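Student: quick one: sequence and predicted model below, then my questions.
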Amino acid sequence: MSRGPATIRLDRLDLVLLTRECIEALLAGRREEAARFVGVPIPAWWPDDDAEWLLRLRLEQVTADETAGEWLVRGVVLRDRRELVGHAGFHGPPGVSGLAKPDAVEVGYTIFPEYRGRGLATEAAVGLIRWARDERGINAFIASVSPGNDASLAIVRKLGFEHVGEQWDERDGLELVFETTAAAL
């Protein structure tokens, strides 16, 4: 599955690690430089406001702890078209999640609107979970989803996540919290 520490290779996707340098280039508007890190062109409109906020947060995390980088954010690249179609990753290393469980990681994903409905978010989430299980020995996974995000709710249910509670996110508002184990996949 993996092609190296920076890329998780899946059936249709490559999950390419966005390094600190890549994130800095994206936030500074240096698309060509960022594209060299990712290996594909960066859409002219990305990062949008939501992604910029996320990238700033991830840059703060990796600046505070360089070892956190592999957990944070990856470009979702559709391999056959060599296109960036989204981003995915964990909220941080084990213990950084809505439930703050020391042995769990929280998965997150965004697929750009024109690529949704093709199973790409599901493939990315499964790939991340299997990478964390196989490469880092993690077996507990969390996902937090807005109650109105029907597509993401369908994904977590399809992947065997069980609803365990709710939380309030200062940016996103009410979120439903789900848990699963790697054994569910």
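Tutor: That came in fine, so what should we check first?
Student: show me where this structure has strands.
Tutor: Secondary structure of the chain (DSSP state E): strands located at 2-4, 7-9, 13-17, 74-78, 83-90, 104-111, 140-145, 162-169, 173-181.
Student: strand partners of the last one, parallel vs antiparallel please.
Tutor: When sheet partners are counted by DSSP bridges, strand 173-181 sits next to strand 140-145 (antiparallel), strand 162-169 (antiparallel).
Student: using PDB, write out every CA atom in the last one.
Tutor: Extracted in PDB, the C-alpha atoms of strand 162-169 (Å, rounded to 0.1, in the frame of the first residue of the first chain):
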ATOM      1  CA  GLU A 162     -20.600   3.600  15.800                       C
ATOM      2  CA  HIS A 163     -22.200   6.800  17.100                       C
ATOM      3  CA  VAL A 164     -20.900   7.400  20.600                       C
ATOM      4  CA  GLY A 165     -21.800  10.900  21.400                       C
ATOM      5  CA  GLU A 166     -21.800  14.600  20.400                       C
ATOM      6  CA  GLN A 167     -19.400  17.500  20.800                       C
ATOM      7  CA  TRP A 168     -19.400  21.200  20.000                       C
ATOM      8  CA  ASP A 169     -16.700  22.400  17.600                       C
END
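Student: and of the strands of the chain, who's closest to residue 60?
Tutor: Nearest to residue 60, of all the strands of the chain, is strand 83-90, at 14.4 Å by C-beta to C-beta. (C-beta placed from N, C-alpha, C; glycine too.)
Student: that older thread, got TSV for the strands paired with strand 173-181, with distance to residue 36, mean pLDDT and mean neighbour count too?
Tutor: Formatted as TSV, these follow (distance: least, C-beta to C-beta, whole Å; pLDDT from 0 to 100; neighbours: other C-beta atoms under 10 Å):
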stretch	distance to residue 36	mean pLDDT	mean neighbour count
strand 140-145	32	97	24
strand 162-169	33	94	12
